[in-house]
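A.B. asks: Generate coordinates for the sequence data below:
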Amino acid sequence: MRTPTIEQWANWARWLSIPLFLAAWQLVAGLEIVNPMLFPPPTVVAKSFVDYFLHGDGLQDTSWSIARVVIGYGAGAAAGILVGVLTGGNAVLAGLLSPVFQLLRPIPPIAFVPIVIVWFGLTELGKWFLVFWGVFFTVWLAAHMGVQRASETLVRAASTLGATRWQLLWTVQLPDALPVIFVGLRASLSIAFYTLVAAELAGAYAGIAYRLEVTQQNMQIGHMMAGLLVLGFISTISDRLFQALSQRLLHWAH
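C.D. replies: Residues are numbered from 1 along each chain as shown. Model (predicted):
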């Protein structure tokens, strides 16, 4: 009988990971190692999850949250790619904008919550702005670095064939930078979701994070944990879909 390979063990571990996690969770809650009112078992959380979508506002909250991520992420990603490509391909523009962006980039989006409330109130524009802020700088840096690190051989060959500066940028450097840009896009997708939580907790009338705050005030711990699982599911599914899309579009880079 053949000994299982490392790859087979790793594959089994992936399949067993979630069941083992749920079993450990159920055991800890069942033995009341932690107060079950504060740490309900997965069976209670599953019931709360079903109630949230069948008898509560689950679909409405999920729709609002996804819409905020899509709008903020889409705007931030588009702006980040455009500006990153331009600064990556133009040293003067990079010298003008990069110091400002490097100053602003480390500021976490959650730090802007108070001023965003002053600027936009509790409108949707403020939530879009926070998600935009979280996404833009990550994508900008990826596009900027990707264009700057484009293959010198390709650039030199295109220049020899008479390509203009703009042709080099958009037909040589940008395509060569796409793998790096997609890494930034994927990383910023996760940033968009945790920025969404800050945006909704700052003031909203619907949304998954908003519902977390409501259930926290009512001490509905099962519903709170169900909301966290919903966020986890949506974020994970989005990441997997993006990974599949990038592999399909960038198959030549793998």
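A.B. asks: Quick check: buried residues in stretch 70-84?
C.D. replies: Of all the residues in stretch 70-84, those buried under the rule 16 or more other Cβ atoms under 10 Å are 71-73, 75-77, 80-81, 83-84. Quick note: C-beta positions are derived from backbone N, CA and C, even for glycine.
A.B. asks: which of these lies closest to residue 195?
C.D. replies: Using Cβ to Cβ, residue 72 comes nearest to residue 195 of the buried residues of stretch 70-84, at 7.5 Å.
A.B. asks: didn't the closest one look like it was pressed against residue 132?
C.D. replies: Yes. The pair residue 72 / residue 132 is scored as a contact, 4.8 Å apart, by Cβ atoms under 8 Å.
A.B. asks: residue ranges with poor pLDDT in the stretch 1-150 of the chain?
C.D. replies: Within the stretch 1-150 of the chain, the stretches falling below the threshold (pLDDT under 70) are 1-4, 150.
A.B. asks: any chance you could map the helices in it?
C.D. replies: 6-30, 42-54, 58-89, 91-104, 113-120, 124-148 (DSSP state H, counting those that start in this stretch).
A.B. asks: returning to that earlier point: redo the buried residues of stretch 70-84 as CSV? Include distance to residue 45.
C.D. replies: CSV is the format used below for the buried residues of stretch 70-84 (distance: Cβ to Cβ, whole Å):
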residue, distance to residue 45
71, 30
72, 29
73, 28
75, 34
76, 32
77, 33
80, 37
81, 39
83, 43
84, 41
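A.B. asks: Identify the farthest-apart pair in the residues you listed.
C.D. replies: Checking the buried residues of stretch 70-84 against each other with Cβ to Cβ, the farthest-apart pair comes out as 71 and 84, at 20.1 Å.
A.B. asks: Now do the helix or strand where residue 210 lies against helix 42-54: the angle between them, please.
C.D. replies: Of the helices and strands defined by DSSP states H and E, residue 210 is found in helix 208-217. Comparing the axes of helix 208-217 and helix 42-54 via axes from the mean of the first three to the mean of the last three Cα atoms, to 10 degrees yields an angle of 120 degrees.
A.B. asks: Ignoring the adjacent residues along the chain, who's closest to residue 97?
C.D. replies: If the residues on either side of it in the chain are set aside, residue 97 comes closest to residue 87, at 5.5 Å by Cβ to Cβ, 6 or more residues apart in numbering.
A.B. asks: Quick one: residues contacting the one you found.
C.D. replies: Residues in contact with residue 87, defined by Cβ atoms under 8 Å, 6 or more residues apart in numbering, are 93-94, 97-98, 140, 144.
A.B. asks: wait, which of these is closest to residue 51?
C.D. replies: residue 140 (42.1 Å).
A.B. asks: and the closest one, how far is that from residue 217?
C.D. replies: Residue 140 sits 38 Å away from residue 217, taking Cβ to Cβ, to the nearest Å as the criterion.
A.B. asks: JSON lines please, covering the helices of the stretch 1-150 of the chain and showing distance to residue 185.
C.D. replies: Written out in JSON lines, the entries for the helices of the stretch 1-150 of the chain read as follows (distance: least, Cβ to Cβ, whole Å):
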{"stretch": "helix 6-30", "distance to residue 185": "25"}
{"stretch": "helix 42-54", "distance to residue 185": "29"}
{"stretch": "helix 58-89", "distance to residue 185": "6"}
{"stretch": "helix 91-104", "distance to residue 185": "17"}
{"stretch": "helix 113-120", "distance to residue 185": "24"}
{"stretch": "helix 124-148", "distance to residue 185": "6"}
